[in-house]
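Enquirer: Got a sequence here, can you build the structure:
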Amino acid sequence: MSTNEESRKRSIDQLEKEEDPQKLDPLGDLKIDDDQVLKDIRQRSACPSCKRSVKYFCYKCYQVVGMDRSKLPHVHLPIHLDVIKHHKELDGKSTAIHAKIISDDKDVDIHTYCPPDRIPQFEEPEKALLLFPGPSAKQLKDIPSLDSFNRVVVIDGTWHQAKQIAHNTPILNKMQKVTIAPRKTTFWRFQNVDDQHLATIEAIYYFYREYFEACQQQQHQTKYDGRFDNLLFYYKFFYNLIQRTYQTNKTAKFSHRHQQKDYIKNREDKSEEKEEDITDSSRNGK
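Expert: Below is the predicted model of the structure:
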């Protein structure tokens, strides 16, 4: 293997040893805890439940590895979160898992959509919000008595997979569809859609932020105070890792297909692709 090939295939373990040169951070204004506790993890460990060799957390068992869970930030969710993950969505690529680990375990359930036998069933679907765009979707600020809803359902998968789940799961049609304000994603993976299609954890975070703001507005109380920002704790860490990788390694080539041509900050060479070499290493089981 040539020197350049070795450089392009550096794993997540090696990347964390490099100096952090990042200057532009679109997540920098959020109240997210310092991630040094993640940087201090230098090797993979066995998941205490399934014994897989993983880093940071097990994406199958949702167990924290390599550190004490008490060192992680904790976010309490005001209403229950149900994630419906398409069965073809790889666990190692799912950012929804971050919410399961950062929040109370009882606050988040992750279901696998695999029809016809494994479609989640919900009691009182009329009391659930479905985060999914469409003609009947409302913004949270336009829904009176938000406290009458007891859960939010979020679909995890590609846009094609998400539409398949939404259209082929009758119980979801009984839920009130909601949408969030348009925002530009900071997700590092190429998506064959525009840059206002968010990563799942981004959508979850903005839902809870707007939910809080809508409730506060209805009750004439204070503005948003950053209480849900740590939902993006892992996401910000991986985002900065990707940025640092391509900023410091000028031979590593980022996907030319990525919709944001200026995605890698402070770097002139962003032409082609070997992004999988970097991001796939964050699949903890590999």
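
Enquirer: Can you mark which positions in stretch 241-256 are buried?
Expert: For stretch 241-256, a neighbour-count test (16 or more other C-beta atoms under 10 Å) marks 241-247, 249, 252-255 as buried. Where you see a C-beta, it was placed from the backbone N, CA and C, and this is true even at glycine.

Enquirer: Reformat those as TSV; add distance to Ala46.
Expert: Output for the buried residues of stretch 241-256, formatted as TSV (distance: C-beta to C-beta, whole Å):
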residue	distance to Ala46
Leu241	23
Ile242	26
Gln243	30
Arg244	27
Thr245	26
Tyr246	31
Gln247	33
Asn249	30
Ala252	30
Lys253	34
Phe254	33
Ser255	33
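
Enquirer: of all these, which comes closest to Leu198?
Expert: Of all the buried residues of stretch 241-256, Leu198 sits closest to Ile242, with 16.3 Å by C-beta to C-beta.

Enquirer: Inside helices: which ones of the buried residues of stretch 241-256?
Expert: 241-247 (DSSP state H).

Enquirer: Let me have those residues in a markdown table, extended by distance to Val153 and pLDDT.
Expert: Output for those, formatted as a markdown table (distance: C-beta to C-beta, whole Å; pLDDT from 0 to 100):
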| residue | distance to Val153 | pLDDT |
| --- | --- | --- |
| Leu241 | 30 | 88 |
| Ile242 | 29 | 86 |
| Gln243 | 32 | 86 |
| Arg244 | 35 | 85 |
| Thr245 | 34 | 83 |
| Tyr246 | 35 | 81 |
| Gln247 | 38 | 81 |
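
Enquirer: mind listing the strands for this protein?
Expert: For the chain, strands defined by DSSP state E occupy the ranges 45-46, 53-54, 80-86, 108-113, 128-131, 138-139, 151-156, 176-179.

Enquirer: Now for Tyr62, how many residues are close by?
Expert: 15 (other C-beta atoms under 10 Å).

Enquirer: Excluding chain neighbours, what is closest to it?
Expert: Lys100 (4.9 Å; C-beta to C-beta, 6 or more residues apart in numbering).

Enquirer: show me what contacts the one you found?
Expert: For Lys100, the contact set (C-beta atoms under 8 Å, 6 or more residues apart in numbering) comprises 62, 83, 108, 110.

Enquirer: How much space separates the first one from Ile32?
Expert: Relative to Ile32, Tyr62 is positioned 20 Å away (criterion: C-beta to C-beta, to the nearest Å).

Enquirer: among the strands of the chain, which is nearest Asp229?
Expert: Among the strands of the chain, the nearest to Asp229 by C-beta to C-beta is strand 80-86 (16.1 Å).

Enquirer: C-alpha coordinates for that closest one, PDB please?
Expert: The C-alpha coordinates for strand 80-86 follow below in PDB (Å, rounded to 0.1, in the frame of the first residue of the first chain):
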ATOM      1  CA  HIS A  80     -41.500  10.500  24.700                       C
ATOM      2  CA  LEU A  81     -39.400   9.900  21.500                       C
ATOM      3  CA  ASP A  82     -40.200   6.900  19.300                       C
ATOM      4  CA  VAL A  83     -37.800   6.300  16.400                       C
ATOM      5  CA  ILE A  84     -38.900   4.000  13.600                       C
ATOM      6  CA  LYS A  85     -35.700   2.900  11.800                       C
ATOM      7  CA  HIS A  86     -36.000   1.300   8.400                       C
END
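
Enquirer: Now do it and strand 151-156, the angle between them.
Expert: Relative orientation of strand 80-86 versus strand 151-156 (axes from the mean of the first three to the mean of the last three C-alpha atoms, to 10 degrees): 20 degrees.

Enquirer: so what does strand 80-86 touch, helix or strand wise?
Expert: If you count contacts as 3 or more C-beta pairs under 8 Å, 6 or more residues apart in numbering; DSSP states H and E, strand 80-86 packs onto helix 97-102, strand 108-113, strand 151-156, helix 159-168, helix 200-218.

Enquirer: for the fourth one, the distance to its chain's centre please.
Expert: When you say that, I think you mean helix 159-168. In terms of C-alpha atoms, centre = their mean, to the nearest Å, the centre of helix 159-168 is found 18 Å from the chain centre.

Enquirer: ok, and for it, which residues are buried?
Expert: In terms of neighbour count (16+ other C-beta under 10 Å), helix 159-168 has its buried residues at 161-162, 164-166.
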